[in-house]
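S.K.: fold the following and give me the result.
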Amino acid sequence: MKKDKVLQELAPLVAALTLLGILIFSPLTVFPKFSKHELDEFATDPKNRTGFVSYAIKSQAFSNPHYLPILGSSELEHIDPFHPSSFFMKNNKGFTPFLAGQPGTQSLTHFFYMNSVEKQLHNRKIVFIISPQWFTRKGIGTPELSQFVSKGEIYAWLQSASPKDVATQKLAQRLLNFKDFPEDIVVTQALKALANGKKIDSIDQISIQLANQFWTKQDFLFTGLSKLGGKQENSYEKLEQISKQLPNTKDFEQLDQAAYERGAATSANNQFQIVDHVWSRNLQKVFKERKDVMKEVSYLRSPEYLDFQQLLNQFAKNNNDVQFVIPPVNGAWYQYTGLSYEMLQEFSAKIKYQLNSQGFHHIYDMTDKFNEKYYIGDTIHLNNRGWVALDKKIEEFMSHPTKTAYKLDNAQFLSTEWANGDKEVSLNSNK
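M.R.: Numbering: from 1, shown residues only. Reported below is the predicted structural model:
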């Protein structure tokens, strides 16, 4: 009897595991279907990690040309009435921003993001926000890669990687330099082969293909189950309420004035034009310790420049028309902490040279807004007037026909000399 009781208790678990095995190992794939509203929820909720890494979500969303990918990092979470998601909800121009970025996403995570949905985004327009703060001496770390680059994205890249391509060799070498990423013996062997310009072993190729098929089915399955079992954050409904705060007439001068007034009203308890609640919660107790602490900080030498070049390779390969944005920082705060404005100008010149010289000419450089009030809501994140300025630029960008003519120079821009800042760039060469 005890045996029968144990079997009865285990039966549901065994049945569930059996069903799971059938679903994953079956030649059929279970595709979760998301409604337009559900995809809009993902589009307006950049904090949702599943929306960033899940192929099931990205592939379905970007199969619809209605979505405009806006790629960046933590600034995308800072939503106010003037944020692009709010602005273009109120002022419908035939597209919906799809926000892709969180704290920790950088050039390399976006490379794999774009590579994973290159078919869906072929010939499409993209908005890409470049954060100067990515370009530290160490660049992106293993924890960020592990969080935002899925095994499936690695498998997909390995399956299409060309061993004779210099960019492929450099990227394989780069990935091998990360400790414990990816934690996969077959992937490591494949990376070692590519790093040396050799083909991936045929057995490893088969293993990677099978692993990718398994991962894709697993992704579809568990994304579908999460769809059934959980609720999203109602970000779309919240955004609808926020967008109602915008005036009914769309005049960018009036919007800028309204944004200025909102900035002044919400940043009144400190001398740095930082939003009141951010100041009170995060900075008020420590700001005296921050005096001149960033005097030695530089964004001119970083492996991030090489990762950025890998991303440019992906954009060019996929014929993406990209609007690049270089946001400003809060000048009042960074003058206090000692960050050099001249260094930021040099960073801007270096990035613009890397872009312009290879045919990426849509660049909106906001570095000179360093001392403009209420462009930034805290110390580095766009807010109020900064969003208004970007809304205007995105509207202009989307109104122009797609036109690309890229000429990549990987010999220069994948070199350690470029990453280490050993090649000087004139501040006047990219205006």
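S.K.: right, and the helix or strand after the helix or strand of the chain with the lowest mean pLDDT?
M.R.: When the helices and strands of the chain are scored by mean pLDDT, DSSP states H and E, helix 2-25 comes last with a mean of 54. Sequence order places helix 36-43 as the next helix or strand after helix 2-25, per DSSP states H and E.
S.K.: check which residues of that next one are buried.
M.R.: 38-43 (16 or more other CB atoms under 10 Å). Using the backbone N, CA and C atoms, a C-beta is placed for each residue, glycine as well.
S.K.: ok, and what's touching the helix or strand following that helix?
M.R.: Going down the chain from helix 36-43, the next helix or strand is helix 49-53, by DSSP H and E. Contact with helix 49-53 is made by 42, 45-46, 57-58, 100-102, 105, 113, 147-150, 153, 223, 226, as judged by CB atoms under 8 Å, 6 or more residues apart in numbering.
S.K.: which of the three states applies to the residue lying closest to residue 291 once chain neighbours are set aside?
M.R.: Nearest residue to residue 291, sequence neighbours excluded (CB to CB, 6 or more residues apart in numbering): residue 336, at 6.4 Å. Following DSSP: H, G, I helix; E, B strand; the rest coil, the label given to residue 336 is helix.
S.K.: neighbours around residue 336, how many?
M.R.: As a burial measure, residue 336 scores 18 neighbours (other CB atoms under 10 Å).
S.K.: can I assume it is in contact with residue 272?
M.R.: Yes - counting by CB atoms under 8 Å, residue 272 is a contact partner of residue 336 at 7.0 Å.
S.K.: can you point out the buried residues in the lengthiest helix in the chain?
M.R.: Secondary structure assigned by DSSP state H gives helix 202-229 as the longest helix of the chain. Applying a neighbour-count criterion of 16+ other CB under 10 Å, one finds 204-205, 207-208, 211-213, 215-217, 219-224, 227 buried in helix 202-229.
S.K.: which residues in this structure form strands?
M.R.: Per DSSP state E, the chain has strands spanning 67-71, 96-100, 125-129, 321-326, 363-365. These are given in chain order.
S.K.: using a markdown table, lay out these together with mean pLDDT and mean neighbour count.
M.R.: Below are the strands of the chain laid out as a markdown table (pLDDT from 0 to 100; neighbours: other CB atoms under 10 Å):
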| stretch | mean pLDDT | mean neighbour count |
| --- | --- | --- |
| strand 67-71 | 99 | 23 |
| strand 96-100 | 98 | 24 |
| strand 125-129 | 99 | 21 |
| strand 321-326 | 99 | 22 |
| strand 363-365 | 99 | 18 |
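S.K.: need those in a markdown table (columns: distance to residue 286).
M.R.: Shown next, in a markdown table, are the strands of the chain (distance: least, CB to CB, whole Å):
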| stretch | distance to residue 286 |
| --- | --- |
| strand 67-71 | 31 |
| strand 96-100 | 30 |
| strand 125-129 | 27 |
| strand 321-326 | 28 |
| strand 363-365 | 31 |
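S.K.: to residue 399, which of those lies closest?
M.R.: strand 125-129 (10.7 Å; CB to CB).
S.K.: what lies in contact with the closest one?
M.R.: 68-73, 75-76, 97, 101, 110, 114, 315, 320-325, 327, 394, 397-398, 402.
S.K.: now residue 196: how far from residue 371?
M.R.: 50 Å (CB to CB, to the nearest Å).
S.K.: hmm, back to that, starting at the chain centroid, how far to the longest helix of the chain?
M.R.: Relative to the mean C-alpha coordinate of its chain, helix 202-229 is positioned 23 Å out (CA atoms, centre = their mean, to the nearest Å).
S.K.: picking that back up, tell me who's in contact with the residue nearest to residue 291.
M.R.: Residue 336 touches 272, 287, 290-291, counting by CB under 8 Å, 6+ apart.
S.K.: ok, of those residues, which one's closest to residue 380?
M.R.: Taking CB to CB as the measure, residue 380 sits nearest to residue 272 out of the contacts of residue 336, at 12.1 Å.
S.K.: how far away is that closest one from residue 290?
M.R.: When distance is defined by CB to CB, residue 272 is 10 Å away from residue 290.
S.K.: so the two - more neighbours on which side?
M.R.: More crowded of residue 272 and residue 290, by other CB under 10 Å: residue 272, with 19 against 14.
S.K.: would you confirm that the more buried one contacts residue 331?
M.R.: No - in this structure residue 272 lies outside contact range of residue 331 using CB under 8 Å: 9.2 Å.
S.K.: what's the overlap in contacts for these two?
M.R.: Counting by CB under 8 Å, 6+ apart, nothing touches both residue 272 and residue 331.
S.K.: just the buried positions in stretch 407-423, please.
M.R.: In terms of neighbour count (16+ other CB under 10 Å), stretch 407-423 has its buried residues at 408, 410, 413-415, 418-419, 421.
S.K.: pLDDT check: weakest of the residues you listed?
M.R.: Lowest-confidence member of the buried residues of stretch 407-423: residue 421, scoring 83 (pLDDT).
S.K.: hmm, that one is touching residue 300, no?
M.R.: Yes - using CB under 8 Å, residue 421 makes contact with residue 300 at a distance of 4.3 Å.
S.K.: what is in contact with the two at once?
M.R.: residue 350.
S.K.: got a list of what residue 111 touches?
M.R.: Here residue 111 is in contact with 171, 307, 310-311, 314 (CB under 8 Å, 6+ apart).
S.K.: measure residue 304 to residue 354 for me?
M.R.: Relative to residue 354, and taking CB to CB, residue 304 is found at 11 Å.
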